[in-house]
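1. Sequence and predicted structure below; questions after.
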Amino acid sequence: MSADQPVKTALVGFGVSGQSFHAPLLTFVDGIELAAVVSSKPDLVKSKLPDCTPYTSFEEVLEQPEIELVVLSLPNTLHYDHAKKALLAGKHVVVEKPFTITSAEAKELIEIAEQKDLKLSVYHNRRFDCDFLTLQDLMETGRLGKVHSYLCNYNRYRPDIKGRWREQDIPGAGILYDLGAHGIDQALCLFGTPKSVQAKLRVQRKDAAAVDHFHLVLGYDDCDVILHGNCLSTEQGPRFQVSGDKATYITYGMDPQEDMLKAGGGPARSDWGVEAEDDWGTLYDEAGEGKPVPSQKGGYERFYAGMRDAIRHGTAVPVSPHDAMQTIRIIEAAYLSDKETRTVFL
């Protein structure tokens, strides 16, 4: 395929995630053409994406030779099966996070992609959050010094059970696979693979069936990484609280891109990926004096620009599937740690 031809892409799944978090990015990035959508509601697809061809059959879209990239925006239990079918059909694949339910499934998908020389990646979009990019820059430039304490919170107040698949007693459900996967991936970006995992998982809400509280401690030689999340916090607390021997960085609130996408906006907005000054994090120096740190510009669309370049120019995919598999390994270790009330060494 010519390097200047757009990567014809099929989006599989057109629920909230497909409509709000993937389609707006896929239609924005130059060199990507969202050509097909697989959905049980083809009329909805046509009303929102009139230039796309709707399909009701996943297998039928795999038979289309012009489709090069398949994006899977599906419930977690379907990730492995659909990704495997797409790879065996000769398609490059993006899987919504979490990659798979088990690391064995992830390993098999990686092996198939490598055997068939196909690009495989996982949509860990929070690598492109404003606050995380800012934290990454502070660490890389040495402004924090040697980091010894790291806390990342994903706290929300959602006391009512809505009965969605994420809240059912099925494999891959619960907030550790959902929000926890983001926190784990970010920690892997900053610190690499931990030596150990210690976890406490709970089902706290009335009538809840899936994990809705997690507290993980990832052990490294010189730093403990604490990842915490639950659905019963009326105050979110700090999003990041990271201390080094030179300074501490604390930030509150969530990146604005998700709310913009939910509201129907996207990368074409002039304020896309720009965090309001009131939401900037604070850097506290050795004297305890705090100063706001301008947030880096976020950009979820960079993920799909990276996939385009990987397919057309052979560059690395934006999120390595090996990294995404490590996230699943840590989730597995967390469940084992909680079950056996012990630290699990990787």
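-> Yes, it's here.
2. Find out how far the longest strand along the chain is from the centre of the chain, if you would.
-> Ranked by number of residues, the top strand in the chain under DSSP state E is strand 147-155. Counting by CA atoms, centre = their mean, to the nearest Å, strand 147-155 is centred 17 Å from the centre of its parent chain.
3. cool, stretch 337-346 as well?
-> 25 Å.
4. Name the residues of that stretch that come out as buried.
-> Ser337, Asp338, Val344 (16 or more other CB atoms under 10 Å). Glycine gets a C-beta too; all of them are placed from N, C-alpha and C.
5. Report the rounded mean pLDDT for that stretch.
-> Mean pLDDT, computed over stretch 337-346, is 97.
6. Outside of stretch 100-117 itself, list whatever touches it.
-> Residues outside stretch 100-117 that contact it (CB atoms under 8 Å, 6 or more residues apart in numbering) are 76-77, 79-80, 83-84, 87-88, 90, 93, 99, 118-120, 171-172, 177, 321-322, 324-325, 328-329, 332.
7. can we see that at 7 Å?
-> Contacts of stretch 100-117 with the rest of the structure, by CB atoms under 7 Å, 6 or more residues apart in numbering, involve 76-77, 79-80, 83-84, 87-88, 90, 99, 120, 171-172, 321-322, 324-325, 328-329, 332.
8. And stretch 263-277, by the same measure?
-> Pro24, Leu25, Phe28, Cys130, Pro256, Gln257, Met260, Ser295, Lys297, Gly298, Gly299, Glu301.
9. average model confidence for the helix or strand in which Leu138 is found?
-> Per DSSP states H and E: Leu138 is located in helix 130-140. In this model, helix 130-140 carries a mean pLDDT of 98.
10. hey, where'd the strands end up in the stretch 51-200 of the chain?
-> 53-55, 69-72, 92-96, 120-123, 147-155, 196-202 (DSSP state E, counting those that start in this stretch).
11. distance between whichever helix or strand comes after the longest one and the chain's centre?
-> Secondary structure here is assigned by DSSP H and E; on that basis, the next helix or strand after strand 147-155 toward the C-terminus is helix 175. Counting by CA atoms, centre = their mean, helix 175 is centred 13 Å from the centre of its parent chain.
12. again with stretch 131-140
-> 17 Å.
13. I'd like to know how many residues surround Leu118.
-> By the criterion of other CB atoms under 10 Å, Leu118 has 19 neighbours.
14. if I look at the closest residue in space to it that isn't next to it in sequence, how far off is Glu286?
-> Spatial nearest neighbour of Leu118, chain neighbours left out: His92 (5.3 Å); criterion: CB to CB, 6 or more residues apart in numbering. Using CB to CB, to the nearest Å, His92 is found at 48 Å from Glu286.
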